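> pasting the structure only:
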């Protein structure tokens, strides 16, 4: 059954939340759920239904007459103070609460919920920790970077979320340097506190000030962007992934080439290095030299008017524009695709040649040229890690040792 709880805390604003519980649930378990939702200790929670407080903690909710759709009132009871102890003239007032009992600790005695508060005249209450905006200490326990680091490293799910939403902090965490992690954490907390201060200034600024209005507008825009990204990460996380480009295996003049299929390119192009490997530079007509414009600009050396491209068992005529500085070997443009009525079938992951009916599969990332891989692109090349270098050197040393031992046996 669904119960609506109207929460009236003692020092906070009123809130409302709903709980879907079973009629057989006992009141004490229901109080624990209310403690999680409201943040009020279960010992201070008083549930009122039909203007009557619910007293028996072992009684089921259904036995109280609760049914689906009922509304309960959660009231925070006042803390009870211990009655003053009678004093005898001439005897000193001694505080025995600081004496540790064998088998227990003073910290445990202080944390007992049944312990009554001592009168303020005997001993002043301990000062509560306050958080200054620039201190970087938060009430969630972030003032202990070592503890936070251990918690994140022990939780793979939280660590993956940290990599997605806070890469700088995740990088500092995985570096293993506690000082670096603490520095990044404190800087981010101070930056968050500074933004909170600016937000407070905006709320208290003159509403007719143009600069304040512009900052408020930017704040709203950034909030909408963050909310949109959060919804996208929850509802469509696949939109944040990267896909590999479409490549096929083919042969040009008998030489194997990995060709990039790009239906958005107007013409089929080939790099100068690939043309030299395929021995067709002698056919380049330099009268067709020019500049290729797209995302960037590149120099066109010339054009090969006719060459033979082999895809699977089909031999297709094709023309190429030769580019001087091109990272990919070959690009099949729209001129080639339309001439041979090619279709890109992403469901089957194949390129269908309409004039012959031949299908050729698109290459997986492992078979792509190095410049087209996601992790090893020309601008995202990863440097080998020290452990990888050590493993490679060890493998090479073992291989040399095996070769040397083989030579000695032959002798």
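All right, it came through fine. Computed from a predicted structure; not experimentally measured.

> Quick one: residues contacting the spatially most central residue of the chain.
Residue closest to the mean C-alpha point of the chain, counted by C-alpha atoms, centre = their mean, is residue 164 at 2.2 Å. Remark: with contacts taken as C-beta atoms under 8 Å, 6 or more residues apart in numbering, residue 164 is in contact with 233, 240. C-beta here means a position set from N, CA and C on the backbone, and glycine is covered the same way.

> Quick one: the helices in the protein, in order.
In the chain, the helices defined using DSSP state H lie at 27-38, 106-110, 145-153, 156-165, 167-174, 178-204, 210-235, 272-277, 334-339, 386-410.

> Compute the inter-axis angle for the fourth one and helix 145-153.
Relative orientation of helix 156-165 versus helix 145-153 (axes from the mean of the first three to the mean of the last three C-alpha atoms, to 10 degrees): 100 degrees.

> Buried residues, helix 156-165. List them.
Residues of helix 156-165 classed as buried under the neighbour-count rule (16 or more other C-beta atoms under 10 Å) are residue 162.

> average pLDDT across it?
Taken as a whole, helix 156-165 carries a mean pLDDT of 84.

> Off-centre distance for it?
The gap between the average C-alpha position of helix 156-165 and the chain average comes to 5 Å, counting by C-alpha atoms, centre = their mean, to the nearest Å.

> tell me the angle that helix makes with helix 167-174.
Using the same axes, to 10 degrees, the direction of helix 156-165 lies 140 degrees away from that of helix 167-174.

> oh, and call the first residue 500 from now on, that's how I've got it
Understood, numbering begins at 500; the last thing we discussed is helix 655-664.

> just to revisit the earlier point, looking at the helices of the chain, which is closest to residue 563?
Taking C-beta to C-beta as the criterion, helix 526-537 is the member of the helices of the chain that comes nearest to residue 563, at 7.7 Å.

> Skipping adjacent residues, who's closest to residue 561 in space?
The spatial neighbour of residue 561 that comes closest, neighbours along the chain excluded (C-beta to C-beta, 6 or more residues apart in numbering), is residue 522 at 3.1 Å.

> And residue 661, how far from residue 684?
Summarising the geometry, the distance separating residue 661 from residue 684, computed by C-beta to C-beta, to the nearest Å, is 11 Å.

> Overlap in contacts, those two.
residue 668.

> where's the residue nearest to residue 682 when sequence neighbours are not counted relative to residue 687, distance?
Residue nearest to residue 682 in three dimensions, not counting chain neighbours: residue 671, with 7.6 Å by C-beta to C-beta, 6+ apart. As defined by C-beta to C-beta, residue 671 lies at a distance of 10 Å from residue 687.

> Looking only at neighbour counts, state which of these two leads.
Taking residue 671 and residue 687 together and counting by other C-beta atoms under 10 Å, residue 671 has the greater number of neighbours (23 against 16).
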